[in-house]
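Visitor: Turn this into a structure:
(2 chains)
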Amino acid sequence: MTGDLRTVAAPPSQLPGNAADMLLALADDELVIGHRHSEWLGLSPFLEEDLTLSSIAQDEFGHARALYALIWPEWTDREAGVTRRPAAHWRSCALVELDGKPWELSLARHFLYDVAEPLRWTAMLDQYGDAVEGLAQLVPTVLAEERFHARHAVDLIVRLGSDPEGAQRLQPHLDALAPLAAAMLQGLPPSTMTAFAGQVAAALAGTALSTPFEPWPDGLDVVARSQRSVGFADVHESLLAVIGFDPAARW
Amino acid sequence: MRTYEVFLKPDGKDGFSHAGSLDAPDDELALLYARETYIRRGEGAHAWVVRRAALLVIDPDDLAVTSRRAHASNDGHVVADRRRQRRASAEAES
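Guide: Alright, predicted model coming up:
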């Protein structure tokens, strides 16, 4: 039913250099991880976690929305249009596209993603803060929210990872997701990657979990961000589900 | 999991009031969950998160007696009645 919806080509961005590509990678990651988090609404292991992850998902949607506005300020049909881009036009990474079940996987992903996220925003600010209008104003607001995302993920991982059963259930997912997290950071300065690996190791120190980056993976066989991973199709399908009821409706 | 009680206070002179409860595995997460559960839209400028087990609870029977103290309430009628009687008897004498 929604097959014919994926036909919208975004207008060319007017941002200089590769700023649009880098910001779009972050924007699409935010939209897709927000959607993956939101899939736990009503299904999380307990109510407080349910509310918290949903609230984080909402924040991520907001960040995606703000980034799309920086990339395409003039695109009037941006809100629906970004979702209706064909799969090949998206720049999300495999880490965020992956199906989030079981919950341990989603928690491991939330941890890796949200430890990395402030570093990614800071890198964006450093590289494009002068060139992209509005970015310098946006980043502090985002970082203030991200502080709580990372704190939540780290607190919970430390708590569960200090318990033998929790560690046993989390470790395989951390190991499996680590290369995807490394791939997510491709294109960022090496200092960002070093900082990320250091923060992950610091968070896990003192738990029964071992750090998944020893050594940091070199020469990754990176799936280019122009290719969608296996998890993307059903995210896209479900993002388009409501638009599919009435594609001509204005929201 | 422990149960916690959350109290919020707006900026200004109003005091803390009870917002609700939550369950959390530890104090750190309790603070986080309190924020995400009860203070998403600036509902409070200050928040207390208290372990329910730390609350000292007064026996309700000890409180019930405090609502049956009509004999100790002073609403002025006794004095007013006495003045009225004195005035009336003074007028009768004159």
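Visitor: contacts, neighbours, all on C-alpha from now
Guide: Fine.
Visitor: mind checking how far stretch A:60-80 is from the chain centre?
Guide: Here stretch A:60-80 shows a centroid-to-chain-centroid distance of 16 Å under the convention Cα atoms, centre = their mean, to the nearest Å.
Visitor: List the buried residues of that stretch.
Guide: A:60-72, A:75, A:78, A:80 (16 or more other Cα atoms under 10 Å in any protein chain shown).
Visitor: One more: stretch B:65-84?
Guide: Buried residues in stretch B:65-84, counted by 16+ other Cα under 10 Å: none are found.
Visitor: pLDDT (mean, whole number) over it?
Guide: Taken as a whole, stretch B:65-84 has a mean pLDDT of 81.
Visitor: Any figure for the gap between the closest residue to chain B within chain A and residue A:110?
Guide: Shortest chain A-to-chain B distance, computed as Cα to the nearest Cα: residue-wise this is residue A:52, at 5.5 Å. When Cα to Cα, to the nearest Å is applied, the distance between residue A:52 and residue A:110 equals 12 Å.
Visitor: These two: who's more crowded?
Guide: Just comparing residue A:52 and residue A:110: by other Cα atoms under 10 Å in any protein chain shown the higher neighbour count belongs to residue A:110, 25 against 22.
Visitor: Name the residues of chain A found near chain B, please.
Guide: Residues of chain A found near chain B, taking Cα under 8 Å from any Cα of the partner chain as the criterion, are A:48, A:49, A:51, A:52, A:55, A:148, A:152, A:155, A:156.
Visitor: Please name the spatially closest residue to the last one (chain neighbours excluded).
Guide: The spatially closest residue to residue A:156, leaving aside those adjacent along the chain, is residue B:29, at 7.4 Å (Cα to Cα, 6 or more residues apart in numbering or on different chains).
Visitor: name the element that neighbour belongs to?
Guide: Residue B:29 is located in helix B:27-38, with elements delineated by DSSP states H and E.
Visitor: packing partners for that helix?
Guide: With contacts defined as 3 or more Cα pairs under 8 Å, 6 or more residues apart in numbering or on different chains; DSSP states H and E, helix B:27-38 has these neighbours: helix A:47-71, helix A:135-161, strand B:17-24, strand B:46-51.
Visitor: Quick one: buried ones out of the residues of chain A next to chain B?
Guide: Members of these that pass the buried threshold by neighbour count (16+ other Cα under 10 Å) are listed as A:48, A:49, A:51, A:52, A:55, A:148, A:152, A:155, A:156.
Visitor: Quick one: name the residues of chain B near chain A.
Guide: With Cα under 8 Å from any Cα as the criterion, chain B comes near chain A at residues B:22, B:23, B:24, B:28, B:29, B:32, B:33, B:36, B:37.
Visitor: now the helix ranked longest in chain B: how far from the chain's centre is it?
Guide: Counting by DSSP state H, the longest helix found in chain B is helix B:77-93. Relative to the mean C-alpha coordinate of its chain, helix B:77-93 is positioned 40 Å out (Cα atoms, centre = their mean).
Visitor: Count the residues that sit near the closest residue to chain A within chain B.
Guide: Per Cα to the nearest Cα, the residue of chain B with the smallest distance to chain A is residue B:36, at 5.5 Å. As a burial measure, the neighbour count of residue B:36 was computed by other Cα under 10 Å and equals 20.
Visitor: Tell me the confidence at it?
Guide: In this prediction, residue B:36 carries a pLDDT score of 93.
Visitor: any idea how far it is from residue A:169?
Guide: 26 Å.
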